[in-house]
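Engineer: Have a look at this prediction, sequence included:
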Amino acid sequence: MPDPVISVKIGDLQMKNPVMTASGCYGYGEEYQDIVPLEAWGAVVVKGTTCAPREGNPPPRLVETPSGLINSVGLHNPGIETVIERELPRLGEKGVPVVVNLAGESEEEYIYLARRLEERAEVEAVELNISCPNVKKGGIAFGSDAVSAGKLVAKVRENFSRTLLVKLTPNVGNLPEIAGAVEKAGADALSLINTLRAMVIDIHAQKPVLPAGTGGLSGPAIKPVALRAVWEVTASVNVPVVGMGGIFTPEDAIEFILAGANAVAVGSAIFVNPRIPAEIVEGINSYMKQKGYENIGEMVGAARQ
Amino acid sequence: MKSIDPTARDCYLLEIEGVELGPVIPGQFVHLRVLPATDPFLRRPFSVHSYDTGNRLLSLLFQERGKATGILKELKPGTAIDVMGPLGNGFTLNGVARALLVGGGIGIAPLYYLGRRLREAGVETRMLAGGATSLDLPAENYKPHPEVQILWSTEDGSRGYRGTVVAMLKEHLLKNPREETADMIYSCGPTAMLSEVVKTASNHRIPVEVSLEAVFACGVGACLGCVHPVNAREGTRYLRVCKEGPVFNGKEVIFDA
């Protein structure tokens, strides 16, 4: 029996396998170069990038929880111009599709960022970050309301012709409604989910461990929530979905696909096991052989039938 | 994993064999996956306490502080451990003739490997090591190299100088002429102590390098979770302890942020 087909297409983003990096967990692709080749990924989604450089939130920025990690990095990044000059040319040579995660404080900023990348052939897709829980302005304010999310996505859509993904927050009560508005506004795909707002209190100091009070929870602890989000959204939305949130094993990735995700992204699990993309690819391959699937598309949403 | 032995109260020497690290600079760290499970979730960084390139033997000195180190100290010889490294920037070894190493508590861990390497390179090396009591320090004959002198301090006076290692450092620098003490100070220990060591070194116009500690997630500079404020040309910058550090020029580190 020939190897099953695991390549996927999200919008015009053609990936040799369905495993992507989750934004913020793989830097700009350089940091892990000595440990695991970039080429192991179906696509690389780089760090959330803003118009101006940002130094991010004051430390401490991390706190570990049972099977999870809360971060309050606060979009620490060198800004779009440095990313264009220094990171994109290098990334573009690797033969792996590059997706840039964009975070703005206003509609104008999102449009500016999208226009700057429209000019850059190395970038095959952008992922609109309207879901970062760690910055005060912009971002999640757009992602928490169906009308403003739709309006923003429509504006960016007018300014970016290649694949447009939109990353949504689970910290809302009407996720399918927001997803629907984003789809209607012209998004090619949805990334589900960003981190869950969470906190830890230091009982000796009697204050939150993170200076910002709260941060975003990732890791295996949030996987059941992420899976539910993919399940609910794919019931009513037709654009492809990239499922993410706590994927730690090949079986986790398979669950997301069965729930309705067309591809998956891995975040904090990279920190623990940088070899995870190859392991997931192998796990999906053997699962498909065992179940008699020839193409990964046949598996998408299979849990619903 | 080859062996684990207690060295002081809550402190253990872990030896792992068959670890291919290549060249290691003192001050660099390894990132360990303690268990193939999700709790504890993250890897844990440990500075290299000793590494033997020839027989690929890695030693780590650690203090039990929580769940991960509690699991680590119970590991049985023969258990496989996933080791990533060496990572980060180590201490500067070149251009030093007389070195003073100042360690507080478990902060002595990287200084042993540094002391050995400096001495092997012909550098006159002295180590000041402090703990709360003698029970918190390794055996008196536990030395990085036979020719490295260790001056011990304990806060209760149960071994060596009575007082903190910083107090001992201040006295040492006052009593001895500069040309006989050090042209470089290297330090590792609690942040409050490092801050004092840097002030003292600055008062004596001696360059100082410090090894910082932070919670790490990735360990390779990708997640930006472990930053520490540092004075740079362009103002205060949040630098990654795992990548630009863990060793920094002490005079650039901002301690009271």
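Structural biologist: Great, that's in hand.

Engineer: Let me see the contact set for residue 50.
Structural biologist: By default, I'm working from chain A. For A:T50, the contacting residues are A:L75, A:N77, A:G79, A:I80, A:L102, A:A103, A:G104, A:E105, A:E109, A:L113, by C-beta atoms under 8 Å, 6 or more residues apart in numbering or on different chains. C-beta here means a position set from N, CA and C on the backbone, and glycine is covered the same way.

Engineer: should've been chain B
Structural biologist: Taking C-beta under 8 Å, 6+ apart as the contact definition, B:S50 lies against B:L57, B:L58, B:S59, B:Y112, B:Y113, B:R116.

Engineer: show me what contacts the fifth one?
Structural biologist: It stands for B:Y113. Counting by C-beta under 8 Å, 6+ apart, B:Y113 has contacts B:V24, B:P26, B:S47, B:V48, B:H49, B:S50, B:Y51, B:P144.

Engineer: Which elements pack onto the lowest-mean-pLDDT helix or strand in chain A?
Structural biologist: Taking mean pLDDT, DSSP states H and E as the measure, chain A has helix A:140-143 as its least confident helix or strand, at a mean of 84. Judged by 3 or more C-beta pairs under 8 Å, 6 or more residues apart in numbering or on different chains; DSSP states H and E, the packing partners of helix A:140-143 are helix A:146-159.

Engineer: which residues touch the helix or strand just after the helix it packs on?
Structural biologist: Helices and strands here follow DSSP states H and E; after helix A:146-159, the next one along the chain is strand A:163-168. The list of residues contacting strand A:163-168 from outside it, by C-beta under 8 Å, 6+ apart, reads A:10-13, A:23, A:99, A:101, A:124-131, A:143, A:149, A:153, A:156-157, A:175, A:178-179, A:182, A:186-194, A:229, A:233, A:242.

Engineer: what is the orientation angle of strand A:163-168 with helix A:146-159?
Structural biologist: Inter-element angle recorded for strand A:163-168 and helix A:146-159: 160 degrees (by axes from the mean of the first three to the mean of the last three C-alpha atoms, to 10 degrees).

Engineer: Note down every partner strand of strand A:163-168 and its orientation.
Structural biologist: Listed by DSSP bridges, the sheet partners of strand A:163-168 and their directions read strand A:123-129 (parallel), strand A:189-192 (parallel).

Engineer: Just name the most buried of the ones you listed.
Structural biologist: strand A:189-192 (a mean of 28; mean count of other C-beta atoms under 10 Å in any protein chain shown).

Engineer: hmm, who's touching it?
Structural biologist: By C-beta under 8 Å, 6+ apart, the surrounding residues in contact with strand A:189-192 are A:10-11, A:13, A:127, A:163-168, A:170, A:179, A:182-183, A:226, A:229-230, A:233, A:237, A:239-245, A:261-262, A:265.

Engineer: For the buried ones among the contacts of strand A:163-168, write the corresponding ChimeraX selection.
Structural biologist: Selection of buried members from those for ChimeraX, criterion 16 or more other C-beta atoms under 10 Å in any protein chain shown:
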select /A:10,11,13,23,99,101,124,125,126,127,128,129,130,131,143,149,153,156,157,175,178,179,182,186,187,188,189,190,191,192,193,194,229,233,242
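
Engineer: Which among the contacts of B:S50 count as buried?
Structural biologist: If you count burial by 16+ other C-beta under 10 Å, the buried members of the contacts of B:S50 come out as B:L58, B:S59, B:Y112, B:Y113, B:R116.

Engineer: Of the residues you listed, which pair is most distant in space?
Structural biologist: Among these, the pair separated by the greatest distance (C-beta to C-beta) is B:L58 and B:R116, at 13.9 Å.

Engineer: Tell me the spacing between B:V247 and chain A.
Structural biologist: 17 Å (C-beta to the nearest C-beta, to the nearest Å).

Engineer: Pull up the pairing partners for the helix or strand that residue falls within, direction included.
Structural biologist: Taking DSSP H and E as the definition, one finds B:V247 inside strand B:247-249. In its sheet, strand B:247-249 lies beside strand B:208-211 (antiparallel), with partners assigned from DSSP bridges.
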